[in-house]
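Asker: Sharing a model that was predicted from the sequence below.
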Amino acid sequence: MAEFDFSELRNYLQGQADLGGADILLDEPWTLAKQPGMPAIPQRPAADRGPALVKPSAPAAPAKVAPPSSKPSPVFEGVMPAPRPVKKPVAAYESAESLDAFYDDVAKESVYAGVPGIARYEGPEHPQLLLLFPAPHADIPAGKFFESPTGEMLVRLFANLNVQQGDIGIAYFYKGPVARNFPPLLETVLRKMLAKELSFIEPKMMVTFGEPLFHQVFGKGKVFNDCAGTDMDFNGVKTCSLVDAFAMAGDKQLKWVTWKVHIPRCSYFKIIFQA
């Protein structure tokens, strides 16, 4: 598991010890009483600066006319066959016109060769919140995620952000039974598949879980600890990355960091769900 900077946690615990607070012993920090949300501050309209003045340009100098050449040009001078444009092959799923057709086409791609059945989206049409996981969990049957301990924990967490279970959808970056490391070329293919899938699901916001999935979605050029909880964007979808949900379910420190540090960083939860 990646190391986290718990300096804010230490400061919080020291403050609680000084004040004699007892809520730090709770297993889920989001079970504390919610504070009223801050009202949204309307943005001031930009001041009208008026039309920009365009400085007149100097008249262009007359073009020099080359004298006619006395030597006749060869008949075939400068005549070259035009290069043929190279057309990249378009995968069938890129032309899919529905979510079901998309999954049918994806199942035929080489990345899913040998996979008996790919995992499909579970949830309402156009969910308010989409939870993206690396791959289906081997011990959780399809359609039963919210009945698992991790699913129940996430339902309680997001309920405190005004997101109800019926407004949450579930999807998977890799739709086979086992998540694994992919070479960069295959990661690029899976990102293209995710972008097409999101164009049908159309969530208001997406949350990814875990550092490996963060790098698969956003690439290796970003640092997870710096970006966790911040406002991000994937293919036009507002996105927030959090720690691994299954690790969080059994770790009070990860729950505290998620609730007290990462989620407050993300303005999307206030803008979308607490407006």
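Answerer: Good, I have the coordinates.

Asker: Could I get the full set of helices for the stretch 101-250 of the chain?
Answerer: For the stretch 101-250 of the chain, the helices defined by DSSP state H, counting those that start in this stretch occupy 149-159, 184-201, 211-218, 224-227, 245-249.

Asker: Only the buried residues of whichever helix or strand residue 272 is part of, if you could.
Answerer: For residue 272, the host element (DSSP states H and E) is helix 268-273. Under the neighbour-count criterion of 16 or more other Cβ atoms under 10 Å, helix 268-273 has 268-270, 272-273 buried. C-beta coordinates here come from the backbone N, C-alpha and C atoms, glycine included.

Asker: C-alpha coordinates for it, CSV please?
Answerer: Taking Å, rounded to 0.1, in the frame of the first residue of the first chain, the C-alpha atoms of helix 268-273 are listed here in CSV:
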residue,chain,number,x,y,z
TYR,A,268,-17.3,18.6,-7.1
PHE,A,269,-19.0,17.1,-4.0
LYS,A,270,-20.2,20.6,-3.0
ILE,A,271,-21.0,21.8,-6.5
ILE,A,272,-23.0,18.8,-7.7
PHE,A,273,-24.5,17.2,-4.6
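
Asker: other SSEs contacting it?
Answerer: Helix 268-273 is packed against strand 205-209, strand 237-242, with contacts defined by 3 or more Cβ pairs under 8 Å, 6 or more residues apart in numbering; DSSP states H and E.

Asker: just to revisit the earlier point, let's have the helices of the stretch 101-250 of the chain in a markdown table, adding mean neighbour count.
Answerer: Below are the helices of the stretch 101-250 of the chain laid out as a markdown table (neighbours: other Cβ atoms under 10 Å):
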| stretch | mean neighbour count |
| --- | --- |
| helix 149-159 | 18 |
| helix 184-201 | 17 |
| helix 211-218 | 20 |
| helix 224-227 | 14 |
| helix 245-249 | 19 |
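
Asker: I am finished for the moment; much appreciated.
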